[in-house]
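>>> Structure for this input, please:
(one chain, ligands or ions: 1)
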Amino acid sequence: MYDPLHDKHPGEGEGYPKSYWAQNSGLAPKADGPLQNDIRVEVAVIGAGYTGLSCALELAKQGIECCVLEANQVAWGCSGRNAGFVLKGSGRLGFSQIKARWGDEVMRQVYREMSLGVERVEDLIADGLDCEPQPKGYLKLAHSPKHLTQLKHAAMEQQSLLGDELSFLSKNELAERYVDDKLCHGGVLYHDGFGLNPLKLAWGYVERVTQAGVSVYDGTPVLSIDTAKGVGYELITPQGRVTAKKVVLATNGYTPKDFHPILNGRSLPVLSQVIVTQALSDSQLRQCGLNTNQVIMDTRALKYYYRKLPDNRILFGGRGAITGAQAESDYYPKRLLSQLKKSYPALSDINYDYAWSGWINVALDDIPHLWQNDENSLFYAGGYCGSGLSFAAQAGARVAQRIAGQSIAAIPMYQSELPKFPLAPLRRLGQWAYFQYGRVADAL
Ligand SMILES: Cc1cc2nc3c(=O)[nH]c(=O)nc-3n(C[C@H](O)[C@H](O)[C@H](O)COP(=O)(O)OP(=O)(O)OC[C@H]3O[C@@H](n4cnc5c(N)ncnc54)[C@H](O)[C@@H]3O)c2cc1C
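I've put the predicted structure just below:
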């Protein structure tokens, strides 16, 4: 599998992974195919995930000419592979941690940006984008009594600081009305998260971008980004060259090795793994007390997340392999399956029908970043740490607004670059050490 810390580009026209989404979402919208000649544009956006597509859509709205260049299929990266949890958040910091670091006003502005991200998705759904949204509700389940106390404390703080609507649920209340997860000690229901089909969402963006007159060149990896005197940049692709005054790097966790100095050594691509089980029978659903389609996550250091899909399969996710070379091993999906069975012993005979993984982008300081060079000609957004489904669209649109010369919220994540990892070549060793720590902490 493509490995961003080793490979020079993510492929050329590679097909979608055999994910549940790719196999059950119908036909992809038509993009423009590989770029086959030399072109000149105002802004070239590299990467057709939520970030790049939302950026292109906003640029088009602002009347700025642009094109999108995608190495493989549209939404081939995380945007077509994720679990479809729409949550008001990004990065790894909770709102109370953001408050502790930067104060009350910044926390409120960050919350507003995250909420605007969710609103973007909801607006598209209201506009007729069919991405199979499920009923609202995000259940956070505590995996130990100690974590239940912490979870309640954080939830109460969020409720009092931001007015979030939420309910506290005992283990029994959860088992009776939502899920009878044997590893859970109680939880919190946030009333605003929900699940959807992430690939259909991304395809909806593609349709809107192409309808806005923007060319989306799929099967077009950018092999190098050269500075061209007086004109900006020249992007070299296998069959054509793009001359652009400005460039947006929307490649996030799929950014290739040494792609550009502005990003080198500033992110840690981490594999997130997902399985989708066989469909559960009515009797299995009853035995598991699986009465909800709400999205669910636990409190472990190495988190697990799951949801019941519309056809009664369970999508279950957690961490995957460390390197691309190990990514296709069935050790990782099997490990997820055995975790699922610990939560639901009644599923002892169930297997999975789909397994896949994708590279999320972890930032050293646990928050996303939007940044640009001193000349205001090269931009990026990324580092969502595994929760960018809705925020990526907000970040992409904010990049476009910045290109248009508009001022955007003055918050740290829009005013500072992704911090460089110290000893960047040893990032994976650090990741391995964190996984060992997480295993021990979660077992205790
Ligand atoms: C298994 C998994 C589950 C997840 N679950 C959730 C979830 O439930 N909720 C949530 O909020 N987030 C989730 N995420 C994270 C979320 O999917 C991402 O934060 C989001 O999709 C990032 O979008 P993006 O556009 O920034 O990047 P991507 O969607 O990764 O797009 C980057 C694109 O850049 C392209 N590219 C890279 N290099 C080049 C090049 N040289 N030339 C041309 N193109 C290039 C890639 O091919 C890729 O398509 C999950 C991620 C994974 C992997």
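>>> Can you name the residues that contact Q278?
Q278 makes contact with R313, I350, N351, Y352, D353, according to C-beta atoms under 8 Å, 6 or more residues apart in numbering. All C-beta atoms are positioned from the backbone trio N, CA, C, and that covers glycine.
>>> Just put those in a markdown table and tack on pLDDT.
Conversion of those to a markdown table gives the following (pLDDT from 0 to 100):
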| residue | pLDDT |
| --- | --- |
| R313 | 98 |
| I350 | 98 |
| N351 | 98 |
| Y352 | 98 |
| D353 | 98 |
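>>> Taking those together, which two end up most distant?
R313 and N351 (11.1 Å; C-beta to C-beta).
>>> Can you pull the residues that touch both of those two?
Taking C-beta under 8 Å, 6+ apart as the criterion, R313 and N351 both touch T277, Q278.
>>> Tell me which of the two has more neighbours.
Legend: neighbour count by other C-beta atoms under 10 Å for R313 and N351, higher for R313 (21 against 11).
>>> Contact partners for that one?
By C-beta under 8 Å, 6+ apart, the neighbours of R313 are Y20, V276, T277, Q278, A279, L280, D353.
>>> any chance of those residues in CSV, plus secondary structure and distance to L196?
Shown next, in CSV, are the contacts of R313 (DSSP: H, G, I helix; E, B strand; the rest coil; distance: C-beta to C-beta, whole Å):
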residue, secondary structure, distance to L196
Y20, helix, 13
V276, strand, 15
T277, strand, 19
Q278, coil, 22
A279, coil, 19
L280, coil, 20
D353, strand, 20
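>>> which among the residues you listed gets closest to L378?
Y20 (36.2 Å).
>>> what about the closest one, how many residues close to it?
Using other C-beta under 10 Å: Y20 sits among 24 other residues.
>>> I figured it hits D311, correct?
No - at 9.5 Å, Y20 does not count as touching D311 under the criterion of C-beta atoms under 8 Å.
>>> Contact residues of the stretch 201-350 of the chain facing the ligand?
In this structure, the stretch 201-350 of the chain approaches the ligand at residues P221, V222, A250, T251, N252, G253, Y254, T255, P256, S272, V274, G317, judged by C-beta under 6 Å from any ligand atom.
>>> Counting by contacts, list what the helix or strand containing V106 packs against.
In the assignment (DSSP states H and E), V106 maps to helix 104-126. On a contact count with 3 or more C-beta pairs under 8 Å, 6 or more residues apart in numbering; DSSP states H and E, helix 104-126 meets helix 95-102, helix 145-162, helix 198-211, helix 391-403.
>>> So which bits of the stretch 51-200 of the chain are right by the ligand?
51-52, 69-72, 76-79, 81-85, 87.
>>> Most widely separated two among these?
Longest span within those, C-beta to C-beta: L69 and L87, 29.3 Å.
>>> Between those two, point out the one with more neighbours.
L69 (29 against 20).
>>> who's in contact with that one?
35, 44-48, 217, 220-222, 235, 237, 242.
>>> can you check N376 too?
By C-beta under 8 Å, 6+ apart, the contact list for N376 reads K246, I403.
>>> quick one: it from the ligand, how far?
21 Å (C-beta to the nearest ligand atom, to the nearest Å).
>>> for R108, same thing?
Counting by C-beta to the nearest ligand atom, the gap from R108 to the ligand is 21 Å.
>>> Also D353?
For D353 relative to the ligand (C-beta to the nearest ligand atom), the value is 16 Å.
>>> how close does the residue nearest to that residue when sequence neighbours are not counted sit to I296?
Nearest residue to D353, sequence neighbours excluded (C-beta to C-beta, 6 or more residues apart in numbering): Q278, at 5.6 Å. Computed as C-beta to C-beta, to the nearest Å, the Q278 to I296 distance reads 19 Å.
>>> Same question for A142.
12 Å.
>>> helix or strand right after the helix holding V106?
Following helix 104-126 toward the C-terminus (DSSP H and E): strand 138-141.
>>> Packing partners of that next one?
Looks like strand 138-141 contacts strand 187-190, strand 295-298 (3+ C-beta pairs under 8 Å, 6+ apart).
>>> Dump the first one to CSV, keeping only the CA atoms.
Which is strand 187-190. Extracted as CSV, the C-alpha positions of strand 187-190 are listed here (Å, rounded to 0.1, in the frame of the first residue of the first chain):
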residue,chain,number,x,y,z
GLY,A,187,-21.6,7.2,28.8
VAL,A,188,-22.7,10.6,27.4
LEU,A,189,-25.1,11.2,24.5
TYR,A,190,-24.3,14.3,22.5
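>>> Name the next helix or strand following it along the chain.
Assigned by DSSP H and E, the successor of strand 187-190 is strand 194-195.
>>> per-residue confidence averaged over that next one?
Averaging pLDDT along strand 194-195 gives 98.
>>> How far off centre is that strand?
14 Å (C-alpha atoms, centre = their mean, to the nearest Å).
>>> circling back: which ones among the residues of the stretch 201-350 of the chain next to the ligand lie within strands?
S272, V274, G317 (DSSP state E).
>>> Would you mind measuring from C131 to L280?
23 Å.
>>> and if you look at D3?
As judged by C-beta to C-beta, D3 and L280 stand 35 Å apart.
>>> Kindly report the same for P221.
Taken as C-beta to C-beta, the span from P221 to L280 is 40 Å.
>>> Tell me which of D3 and L280 has more neighbours.
L280 (22 against 19).
>>> Helix 145-162 and the helix or strand bottoming out on mean pLDDT in the chain, what's the angle between them?
The helix or strand of the chain with the lowest confidence, counting by mean pLDDT, DSSP states H and E, is helix 427-443 at a mean of 85. Angle between the axes of helix 427-443 and helix 145-162 is 110 degrees (criterion: axes from the mean of the first three to the mean of the last three C-alpha atoms, to 10 degrees).
>>> what about the residue positioned nearest the centre of the chain, distance to F85?
Closest residue to the average C-alpha location of the chain: G388 at 3.6 Å, with C-alpha atoms, centre = their mean. As judged by C-beta to C-beta, G388 and F85 stand 11 Å apart.
>>> Please list all residues in contact with S387.
S387 makes contact with F85, L87, G89, S90, G91, according to C-beta under 8 Å, 6+ apart.
>>> show me what contacts the residue in the stretch 251-400 of the chain that the ligand sits nearest to?
At 2.3 Å from the ligand, G388 is the closest residue in the stretch 251-400 of the chain, using C-beta to the nearest ligand atom. With contact taken as C-beta under 8 Å, 6+ apart, G388 is in contact with Y50, T51, C78, S90, N252, I360, P368, A395.
>>> which among these end up buried?
Y50, T51, C78, S90, N252, I360, P368, A395 (16 or more other C-beta atoms under 10 Å).
>>> Just the ones in strands from those, please.
Using DSSP E, the buried ones among the contacts of G388 in strands are I360.
>>> okay, the buried ones among the contacts of G388 in JSON lines with pLDDT and distance to A175 next?
Shown next, in JSON lines, are these (pLDDT from 0 to 100; distance: C-beta to C-beta, whole Å):
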{"residue": "Y50", "pLDDT": "98", "distance to A175": "35"}
{"residue": "T51", "pLDDT": "98", "distance to A175": "39"}
{"residue": "C78", "pLDDT": "98", "distance to A175": "33"}
{"residue": "S90", "pLDDT": "86", "distance to A175": "31"}
{"residue": "N252", "pLDDT": "98", "distance to A175": "38"}
{"residue": "I360", "pLDDT": "97", "distance to A175": "31"}
{"residue": "P368", "pLDDT": "97", "distance to A175": "36"}
{"residue": "A395", "pLDDT": "98", "distance to A175": "38"}
